[in-house]
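**Q** Structure for the following, please:
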Amino acid sequence: MMNGQTSFNDIIKKSILHSDTFTSVSVLEIFFGTLASFLIGLFIYYVYKKTFRGVVYSHNFNITLVLMTMITSLVIMTISTNIVLSLGMVGALSIVRFRTALKDPLDIVFLFWAISAGIAIGASIYPVAIFGSAFIAMAVFFLSKKKWKDITYLLVIHYDEKAYDEIKTTLVKMEYELKSKVVRKNWTELTIKLKLKVDNTAFVHTLSNIDGVKDVSLVQYSGDYAA
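**A** A predicted model of the protein is given here:
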């Protein structure tokens with residue numbers, strides 16, 4: 001039984017050592033792979049910038065998408081030349097931990113898109129990277145435009161008590177949700193969530209002109225507000 005198991009292990013070792021797994025990547029393949037990953041990364045960069053709907057746009061994160069596509073393709077080209085190296089690379093990458101917090105779930109989607117495109121290019125499956133990225137971009141543009149039909153905002157009003165009735169009369173015309181109400185001596189801070197059309201913000205001036213209103217702020221609500 002031991003002899004049979006030993007011979008089986010020897011066969012596995014010999015099949016790995018003598019198989020055609022230790023190949024090399026030509027300079028031309030490296031050049032075209034890196035160039036293709038750079039172009040696809042730039043395409044992802046453009047889509048992210050044009051469809052960004054968050055509060056603060058991060059240019060550094062967008063550059064990361066381009067570099068992530070290129071680096072992933074290089075990693076895949078490297079491990080594809082050697083089965084032993086690929087197993088070691090999997091073990092090495094499994095201990096890597098990224099602690100940067102991504103508040104917007106769409107950022108994770110774009111990051112995964114860049115990694116997937118890099119894997120396809122590194123494996124020389126260019127049609128998957130090109131056509132797949134094109135279809136993903138169309139889906140992102142379509143869904144991002146649908147979102148703009150109804151935008152959620154946070155309205156913050158600082159006022160004294162004499163202005164409350166008139167503020168309530170103005171707000172009753174709109175659908176809103178109370179997020180918080182803070183009272184500081186004679187002043188009150190009211191935070192509400194409401195949905196508006198893009199050009200329907202004239203009521204802000206109406207509220208600011210009410211006697212007793214100190215200031216009015218209207219900001220886009222991204223869903224990570226903590227009351």
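**Q** Find the nearest non-adjacent residue to the most centrally placed residue in the chain, please.
**A** Centrality entry for the chain: nearest residue to the mean C-alpha point is D107, 0.7 Å, by Cα atoms, centre = their mean. Using Cβ to Cβ, 6 or more residues apart in numbering and skipping residues adjacent in sequence, the residue nearest D107 is F61, 6.6 Å away. (Each C-beta comes from the backbone N, C-alpha and C, glycine too.)
**Q** one step back: contacts for the one helix or strand the residue nearest to the centre of the chain maps to?
**A** For D107, the host element (DSSP states H and E) is helix 105-122. Residues outside helix 105-122 that contact it (Cβ atoms under 8 Å, 6 or more residues apart in numbering) are 33, 36-37, 40-41, 44, 47-48, 53, 61, 64-66, 68-77, 80, 102, 126, 128-129, 132-133, 136.
**Q** Any buried residues in that helix, and which?
**A** 106-107, 110-111, 113-122 (16 or more other Cβ atoms under 10 Å).
**Q** Report the distance from that helix to the chain centre.
**A** Remark: helix 105-122 is offset 10 Å from the chain centroid, using Cα atoms, centre = their mean, to the nearest Å.
**Q** Same check on stretch 47-56?
**A** 9 Å.
**Q** Between the two ends of that stretch, how far is it?
**A** Counting by Cα to Cα, to the nearest Å, you get 16 Å between the two ends of stretch 47-56.
**Q** Which parts of the protein are helices?
**A** 2-17, 27-51, 59-79, 83-93, 105-122, 126-147, 164-171, 203-208 (DSSP state H).
**Q** Contacts only, for K193.
**A** 152-155, 176-177, 179, 221.
**Q** and those residues, which are buried?
**A** 153-155, 179, 221.
**Q** separation between the residue nearest to L65 when sequence neighbours are not counted and A129?
**A** In this structure, L65 finds its nearest non-sequential neighbour in A114, 4.6 Å apart by Cβ to Cβ, 6+ apart. As for A114, its distance to A129 is 11 Å (criterion: Cβ to Cβ, to the nearest Å).
**Q** quick revisit: could you dump the contacts of K193 to a markdown table with pLDDT and distance to L190?
**A** As requested, those are arranged in a markdown table below (pLDDT from 0 to 100; distance: Cβ to Cβ, whole Å):
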| residue | pLDDT | distance to L190 |
| --- | --- | --- |
| T152 | 78 | 17 |
| Y153 | 80 | 14 |
| L154 | 83 | 11 |
| L155 | 83 | 8 |
| Y176 | 77 | 10 |
| E177 | 77 | 12 |
| K179 | 81 | 9 |
| Y221 | 68 | 15 |
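**Q** What about these, which are in strands?
**A** Within the contacts of K193, residues falling in strands by DSSP state E are 152-155, 176-177, 179.
**Q** Verify the stated contact: G212 with I157.
**A** No - with contact defined as Cβ atoms under 8 Å, G212 does not reach I157; the gap is 10.4 Å.
**Q** out of the two, which sits in the more crowded spot?
**A** I157 (24 against 17; other Cβ atoms under 10 Å).
**Q** and the closest residue to that one other than its chain neighbours, what does it touch?
**A** Residue nearest to I157 in three dimensions, not counting chain neighbours: L190, with 4.7 Å by Cβ to Cβ, 6+ apart. When contacts are counted by Cβ under 8 Å, 6+ apart, L190 touches 155-157, 159, 167, 178, 180-181.
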